[in-house]
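Novice: Just the structure for this:
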Amino acid sequence: DPGPLERQRQAGRDLLLAAVADSPVARLGAALAEAPTGGRGEFSGTLAAFAVWLRDLLAVSAGAGEHLVNGGDAAMLSQLVHRRDIRAPGVGRALDRVQAAADLAAGNVNPQLILADLLRGVRADLLGKA
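Specialist: Now for the predicted structure:
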């Protein structure tokens, strides 16, 4: 069984994939799968893991794919960048959104609400689509 850090890493990856999914069902499903309470606990760790995935996406989009934290997933990240035409400035804006979401989670705002808004915004930042 994966440990807590690996579960958070996988959850961060799942959030990235939900954010760029074609259907809003993936984003809303990810938000509803999150517990409505406990923003300061596991959810904060998941947001931190999501930020690491976005950081890796930024590295790939800027041509620095050799500097990945999640190096085993370089091909998936590269494919996302090229197939979805993801640009570094959009990834930077998405990272800012994750930080704002982490601030809300620290204030004990409902994680489902945070995540629903975050994934919609990250999608807009990465793909230029709401």
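Novice: ok, Ala33 to Arg120 distance?
Specialist: Noted for Ala33: a distance of 16 Å to Arg120, by C-beta to C-beta, to the nearest Å. Bear in mind the C-beta positions are built from the backbone N, C-alpha and C, glycine included.
Novice: higher neighbour count, those two?
Specialist: It is Arg120, of Ala33 and Arg120, that has more neighbours when counted by other C-beta atoms under 10 Å, with 18 against 12.
Novice: Ile86 touches Leu127, doesn't it?
Specialist: Yes. With contacts counted by C-beta atoms under 8 Å, Ile86 reaches Leu127, the gap being 7.3 Å.
Novice: okay, and the common contacts of those two?
Specialist: In terms of C-beta atoms under 8 Å, 6 or more residues apart in numbering, Ile86 and Leu127 are both contacted by the residues Val20.
Novice: These two: which is more packed in?
Specialist: For Ile86 against Leu127, the residue with the higher neighbour count under other C-beta under 10 Å is Ile86, and the figures read 21 against 16.
Novice: secondary structure class for the more buried one?
Specialist: Classification of Ile86 into helix, strand or coil gives coil, according to DSSP: H, G, I helix; E, B strand; the rest coil.
Novice: repeat for Leu58
Specialist: Put simply, Leu58 is helix when judged by three-state DSSP.
Novice: so what's the residue nearest to it when sequence neighbours are not counted up against?
Specialist: Counting by C-beta to C-beta, 6 or more residues apart in numbering, Val91 is the residue found nearest to Leu58 once chain neighbours are left out, at 4.2 Å. With contacts defined as C-beta under 8 Å, 6+ apart, Val91 is in contact with 54, 57-58, 61, 125-126.
Novice: So which of these is surrounded by the most neighbours?
Specialist: Leu57 (27 neighbours).
Novice: can I assume Arg93 is in contact with Gly128?
Specialist: No. Applying C-beta under 8 Å, one finds Arg93 not in contact with Gly128, separated by 10.8 Å.
Novice: if we can go back for a sec, could you export the contacts of Val91 as JSON lines, including distance to Leu80?
Specialist: Output for these, formatted as JSON lines (distance: C-beta to C-beta, whole Å):
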{"residue": "Leu54", "distance to Leu80": "11"}
{"residue": "Leu57", "distance to Leu80": "7"}
{"residue": "Leu58", "distance to Leu80": "12"}
{"residue": "Ser61", "distance to Leu80": "9"}
{"residue": "Asp125", "distance to Leu80": "14"}
{"residue": "Leu126", "distance to Leu80": "9"}
